[in-house]
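Colleague: sharing a model prediction with you, sequence too.
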Amino acid sequence: MRVRFAPSPTGFLHVGNARTAIVNYLVAKKNRATMVLRIEDTDMERSTRESEESIYRDLAWLGIFWDEGPDRGGPYGPYRQSERFDIYRKYTEQLISQGNAYRCYCTKEELESTKKGAGGEAESYTYSGRCRNLTDAERKKFEAEGRTPTVRFRVPDNEPVVVRDMIKGPVEFNSSNIGGDFIIIRSDGVPVFNYIVIIDDALMKISLVIRGDDHLSNTPKQLLVARALGLPEPEYAHLPLIMGPDRSKLSKRHGITSVEMYRSQGYLPEALMNYMAMLGWASESGEEILPLETIIDQIDLKKLSKNAPIFDFQKLRWMNGMYLREYPIERLIDLFIPHITMAGYDTSAASRRHLTEIIAVLRTKCELLSDISSLIGIFLDDVAEPDEDADAMLRGEDSKKVITAAHDLFRGELTADNFAAGLVARVKDVTGLKGKNLFMPLRAIITGRQKGPELDQSMPLIGYEKCRKRVEYCHDRYCR
RNA sequence: GUCCCCGUCGUCUAGUGGUCUAGGACACCGGGUUUUCAUCCCGGCAACAGGGGUUCGAUCCCCCUCGGGGAUGCCA
């Protein structure tokens, strides 16, 4: 079995495409198939080498690796469509000489006006077939006018075309309603996707095409080309499109959609991979957080849901948090450090051991790596400026008792050696407070907030000096 | 407009002609553990789009309607 992922390098890797890549990868692994990466860069205006590079990066980050592609070669190259124009030319000549394609001299403007003239919906337009049967004289005349022709595929009348689709089952079309003779070569000589995709799939011996649902309606065109050229027809699996919360195709306006953004916001590749794999599918046990091997073992195209799923950012976050907890702590440190740095802290000032201990405490409070930016200050700031909630809490009467008691204790019996264990116990003795009434004010004094990591775990990591300063700060602020 | 795809809790899904008073997960709500918020554990809320058939019996099979999506490009 051979499968392929064929992105067009016109921007960052979008999560929708990422899912296509993921499913291709999983299916390839499961079947010990070869995965081909093909770059579909026939849109000369929008394709860039930078985009291509970023796609490689994003795929690699996700943990997706391919066997053949522009970057690593293979027996069926080149793997960039822009480098295969000679190959397509031969097929185009064949189609024209067979009468399956013809040159069309209509200009964009003429086409545009017949659309309007057709009396209404531009959407209902199909090409008139004006240039279908030009005589040599007519052709000469157009050429003399300086027109550069496109090449159109002659779509046969009333011919059934069935797409063999592993997810949807057989899908039947009729050639008469796929929109008429379509352009296969632009007037500048560059071939279009719908034409060459099937040639490349055949030449690259792709046996199963896994791609987005948005390609389903165009598949009959491609199949018709294959038929005219005598090329083999692959089997298909059209994945339902991922939707935004408003049920339209997921796009930028729905939020973060590029893989690159997920990485920079602190999502883990394993979590994104896992989430995307589970979108539209369920494991045998019903569990959702699964190691890659299990997903590969259990994935089955026939069991993929036919529904277009809505991308659930919240669930992804949750899943990411679950991965954060299970991750090897050593790797996690390196992943967290850039986020700590970005939050404005000098990580080289703290020892790695200290950082490790802090992160061991904080990781359960984070869903994203970037969540640490609002929490790390608890450990590294000198003074913990109380936030709104903490401030409200500290204005209470019990809080003042706690502040005063803590303040006195730091002036007296508490030392660097005993403060962590001693503070809570002694404040309790002095004030007679306990439970929530004791802990919440202390938490507010020490951390500046009402939510956060366990106090008794945090205090030793914050350290005697900082704790003392924070107590003094609160004493100045609330008890005078 | 036309063609194609799809319709189970708010969301992702399991399910298959009777075992479904429809299962799980996220979210939400409540309780418990934690001398503290959170974590964690337990519990709750909540769905077979509607109408016709077929059948002894339909969430499941068929048809229609409605709803959603995609395609219809000298984008892919």
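Modeller: That came through, no problem.

Colleague: pretty sure A:Cys131 sits against A:Thr107.
Modeller: No: the pair A:Cys131 and A:Thr107 does not pass the contact test of C-beta atoms under 8 Å, sitting 11.2 Å apart. All C-beta spots, glycine's among them, are computed from the backbone N, C-alpha and C.

Colleague: name the residue in those two with the higher neighbour count.
Modeller: More neighbours surround A:Cys131 than the other of A:Cys131 and A:Thr107, with 19 against 15 (other C-beta atoms under 10 Å).

Colleague: so what does the closest residue to that one other than its chain neighbours have for phi and psi?
Modeller: Spatial nearest neighbour of A:Cys131, excluding adjacent residues (C-beta to C-beta, 6 or more residues apart in numbering): A:Cys104 at 4.1 Å. For A:Cys104, the backbone dihedrals are phi -120, psi 130 (criterion: degrees, to the nearest 10).

Colleague: can you name the residues bridging to A:Cys104?
Modeller: Beta-bridge partners for A:Cys104, by DSSP bridges, are A:Thr150.

Colleague: show me the shaky parts of the stretch 51-200 of chain A.
Modeller: A:115-125 (pLDDT under 70).

Colleague: which helix or strand contains A:Ala392?
Modeller: Taking DSSP states H and E as the definition, one finds A:Ala392 inside helix A:388-394.

Colleague: A:Val424 touches A:Ile446, doesn't it?
Modeller: No: using C-beta under 8 Å, A:Val424 is not in contact with A:Ile446; the gap is 10.1 Å.

Colleague: rewinding a little: wait, doesn't the residue nearest to A:Cys131 sit right on A:Arg147?
Modeller: No: assessed by C-beta under 8 Å, A:Cys104 is found out of contact with A:Arg147, at 9.6 Å.

Colleague: around A:Leu355, how many other residues sit close by?
Modeller: There are 20 residues near A:Leu355, going by other C-beta under 10 Å.

Colleague: residues contacting it?
Modeller: A:Ile333, A:Ile337, A:Ile340, A:Thr347 (C-beta atoms under 8 Å, 6 or more residues apart in numbering).

Colleague: quick one: A:Arg4 is in a helix?
Modeller: No: applying DSSP: H, G, I helix; E, B strand; the rest coil, one finds A:Arg4 to be strand, outside a helix.

Colleague: setting aside sequence neighbours, what's the nearest residue to it?
Modeller: Going by C-beta to C-beta, 6+ apart, A:Arg4 has A:Val36 as its nearest residue, at 4.0 Å.

Colleague: I'd assumed A:Gly69 was in contact with the one you found.
Modeller: Yes: at 6.6 Å, A:Val36 counts as touching A:Gly69 under the criterion of C-beta under 8 Å.

Colleague: joint contacts of the two?
Modeller: A:Tyr79.

Colleague: who has more neighbours, the two?
Modeller: More neighbours surround A:Val36 than the other of A:Val36 and A:Gly69, with 25 against 21 (other C-beta under 10 Å).

Colleague: secondary structure class for the more buried one?
Modeller: Assignment for A:Val36 (three-state DSSP): strand.

Colleague: quick one, what contacts it?
Modeller: A:2-5, A:66-69, A:74, A:76, A:79, A:204, A:206.

Colleague: so which of the residues you listed comes closest to A:Leu433?
Modeller: A:Leu433 lies nearest to A:Phe5 out of these, by C-beta to C-beta, at 61.8 Å.

Colleague: show me what that closest one is bridged to.
Modeller: A:Leu37.

Colleague: just to revisit the earlier point, so what's the residue count around the residue nearest to A:Cys131?
Modeller: 23.

Colleague: for RNA strand B, see how far away it is.
Modeller: 8 Å (C-beta to the nearest atom of the strand, to the nearest Å).

Colleague: any bit of the helix or strand A:Leu355 falls within sitting next to RNA strand B?
Modeller: According to DSSP H and E, A:Leu355 maps onto helix A:352-362. No: for helix A:352-362, no contact with RNA strand B is found by C-beta under 7 Å from any atom of the strand; the gap never falls below 9.4 Å.

Colleague: name the residues of that helix that are buried.
Modeller: Buried positions in helix A:352-362, judged by neighbour count with 16 or more other C-beta atoms under 10 Å: A:Leu355, A:Thr356, A:Glu357, A:Ile358, A:Ile359, A:Val361, A:Leu362.

Colleague: what separates the residue nearest to A:Arg4 from RNA strand B, distance-wise?
Modeller: From A:Val36 to RNA strand B the distance is 14 Å (C-beta to the nearest atom of the strand).

Colleague: among the contacts of A:Leu355, filter down to the buried ones and hand me the PyMOL syntax, if you would.
Modeller: Selection of buried members from the contacts of A:Leu355 for PyMOL, criterion 16+ other C-beta under 10 Å:
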select buried, chain A and resi 333+337+340+347
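
Colleague: C-terminal to the helix holding A:Leu355, what's the next element?
Modeller: helix A:377-380.

Colleague: and that next one, what other elements does it pack with?
Modeller: The contact analysis (3 or more C-beta pairs under 8 Å, 6 or more residues apart in numbering; DSSP states H and E) places helix A:377-380 against helix A:455-462.

Colleague: mind redoing it with 6 Å?
Modeller: On a contact count with 3 or more C-beta pairs under 6 Å, 6 or more residues apart in numbering; DSSP states H and E, helix A:377-380 meets no helix or strand.

Colleague: the stretch 1-150 of chain A: helices as residue ranges?
Modeller: A:15-30, A:49-62, A:85-98, A:108-117, A:136-144 (DSSP state H, counting those that start in this stretch).
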